[in-house]
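A.B. asks: what would the 3D arrangement of this be:
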Amino acid sequence: MGLNYPSRSEQIQIAIDGPSGAGKTSLAAHLSTTFRLTHIDSGALYRAYCLVALRQNISLLDGEALTNLVASVRVAIGSIVTIDGEDVTRAIRTSEVSSATSVLATCPAFRYQMVGKLRELAAQGGIVMEGRDIGTVVLPAADVKIYLDATVEERVRRRRLQQQALILHTNIEAEIRERDLRDQTRTTDPLRVPAGATVVDSTDLTLDQVATLVSRKIYTYLRRTYRFRNSGQ
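C.D. replies: So this is what the prediction gives:
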């Protein structure tokens, strides 16, 4: 692109929302490299705590028990995900954890805890955060908000390719449709397009094409902010 405003990009907050399999994680990782940002995968945080709940046989709808769990377990997310120092990067991507996480995500008390933790992570600035309620709830004032979507058929195709690489075998279409229904109909913070977000349909686009479209939005924001800050206003 030929443009760089490091003083501003160090503070920018980018929110990416969308349904399962739309390509949020790949896009966020691409943008984090391009703009030298911290990639925060909110889903990994949810999955990690869900894995602990499953291991400890805690009800996924027991708000008090889940709140205590969050307070007592240390989860770190990044290129690897750890629970109290244990690498669970692969363990949190199983079909069992995926399905359970969508149930856990409907628990209001647990979501409240997660929103607080995600906001703490984002407070440093210079981040791109992905999830299902980032631009609507976690970071409603994010500088750039993207809603990434794709048809169910395309999302199923991508997930099959991904799970083949992980040697996992599930009824992927049923899983995605069930996850969509839970995400869109839960009473607390349902999945929806954030106000002011740019909607990108990635169905017929490559990752590079999606990244180019979104990068243009980011550069437009950076140009505008850079000029405003340097105009003396």
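A.B. asks: would you mark the buried spots in stretch 217-227?
C.D. replies: Neighbour-count burial for stretch 217-227, counted by 16 or more other CB atoms under 10 Å, picks out 217-219, 221-222, 225-226. C-betas here are computed from N, CA, C, even on glycine.
A.B. asks: where's the dip in pLDDT among the residues you listed?
C.D. replies: The lowest pLDDT within the buried residues of stretch 217-227 belongs to Tyr226, with 68.
A.B. asks: near Thr82, how many other residues are there?
C.D. replies: Thr82: 15 surrounding residues under other CB atoms under 10 Å.
A.B. asks: got a list of what it touches?
C.D. replies: 75-76, 88 (CB atoms under 8 Å, 6 or more residues apart in numbering).
A.B. asks: can I get those residues in CSV including secondary structure?
C.D. replies: As requested, these are exported to CSV (DSSP: H, G, I helix; E, B strand; the rest coil):
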residue, secondary structure
Val75, strand
Ala76, strand
Val88, coil
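A.B. asks: return a PyMOL selection command for the buried portion of those residues.
C.D. replies: This is the PyMOL syntax for the buried subset of the contacts of Thr82, where burial follows 16+ other CB under 10 Å:
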select buried, resi 75+88
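A.B. asks: of the contacts of Thr82, closest to Arg55?
C.D. replies: Distances from Arg55 to the contacts of Thr82, taken as CB to CB, are shortest for Val88 (10.0 Å).
A.B. asks: what's the nearest residue to that closest one if we skip its chain neighbours?
C.D. replies: With sequence-adjacent residues excluded and distances taken as CB to CB, 6 or more residues apart in numbering, Val88 is closest to Val81, at 5.5 Å.
A.B. asks: my guess is that neighbour contacts Ala44. True?
C.D. replies: Yes. The criterion here is CB atoms under 8 Å, and Val81 meets it with Ala44 at 5.1 Å.
A.B. asks: hang on, the earlier thing: from the buried residues of stretch 217-227, which two are the most distant?
C.D. replies: Checking these with CB to CB, the most distant pair is Lys217 and Tyr226, at 14.9 Å.
A.B. asks: what distance do you get for Thr206 to Arg111?
C.D. replies: Note on Thr206: its distance to Arg111, by CB to CB, to the nearest Å, is 33 Å.
A.B. asks: my bad, should have said Gly23
C.D. replies: Applying CB to CB, the value for Gly23 to Arg111 is 24 Å.
A.B. asks: same check on Thr94?
C.D. replies: From Thr94 across to Arg111, the span is 22 Å (CB to CB).
A.B. asks: give me the more crowded residue out of the two.
C.D. replies: Arg111 (21 against 17).
A.B. asks: is the more buried one in a helix, a strand, or coil?
C.D. replies: Arg111 ends up helix, using three-state DSSP.
A.B. asks: which residues touch stretch 105-115?
C.D. replies: With CB under 8 Å, 6+ apart, stretch 105-115 has contacts from 42, 45-46, 49, 60-64, 66-67, 70, 104, 132-133, 137-138, 182-183, 186-189.
A.B. asks: show me what counts as buried in stretch 84-97.
C.D. replies: So, applying 16+ other CB under 10 Å, buried residues of stretch 84-97: 88, 91-94, 97.
A.B. asks: Asp201: which of those residues is nearest?
C.D. replies: Comparing those against Asp201 with CB to CB places Arg93 closest, at 25.3 Å.
A.B. asks: just the CA atoms of the biggest helix by length in the chain, as PDB, please.
C.D. replies: Determined from DSSP state H, the single longest helix within the chain is helix 207-229. Provided in PDB are the C-alpha atoms of helix 207-229 (Å, rounded to 0.1, in the frame of the first residue of the first chain):
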ATOM      1  CA  LEU A 207      -8.100 -14.500   1.700                       C
ATOM      2  CA  ASP A 208      -5.800 -12.000  -0.100                       C
ATOM      3  CA  GLN A 209      -8.800 -10.400  -1.800                       C
ATOM      4  CA  VAL A 210     -10.700 -10.000   1.500                       C
ATOM      5  CA  ALA A 211      -7.600  -8.700   3.200                       C
ATOM      6  CA  THR A 212      -7.100  -6.100   0.400                       C
ATOM      7  CA  LEU A 213     -10.700  -4.900   0.800                       C
ATOM      8  CA  VAL A 214     -10.400  -4.600   4.600                       C
ATOM      9  CA  SER A 215      -6.900  -3.100   4.400                       C
ATOM     10  CA  ARG A 216      -8.300  -0.300   2.300                       C
ATOM     11  CA  LYS A 217     -10.800   0.500   5.000                       C
ATOM     12  CA  ILE A 218      -8.000   0.600   7.600                       C
ATOM     13  CA  TYR A 219      -5.800   2.800   5.500                       C
ATOM     14  CA  THR A 220      -8.700   5.200   4.900                       C
ATOM     15  CA  TYR A 221      -9.200   5.500   8.600                       C
ATOM     16  CA  LEU A 222      -5.500   6.000   9.200                       C
ATOM     17  CA  ARG A 223      -5.200   8.700   6.600                       C
ATOM     18  CA  ARG A 224      -8.200  10.500   8.000                       C
ATOM     19  CA  THR A 225      -7.000  10.300  11.600                       C
ATOM     20  CA  TYR A 226      -3.400  11.200  10.700                       C
ATOM     21  CA  ARG A 227      -4.500  14.300   8.800                       C
ATOM     22  CA  PHE A 228      -6.900  15.400  11.500                       C
ATOM     23  CA  ARG A 229      -4.200  15.000  14.200                       C
END
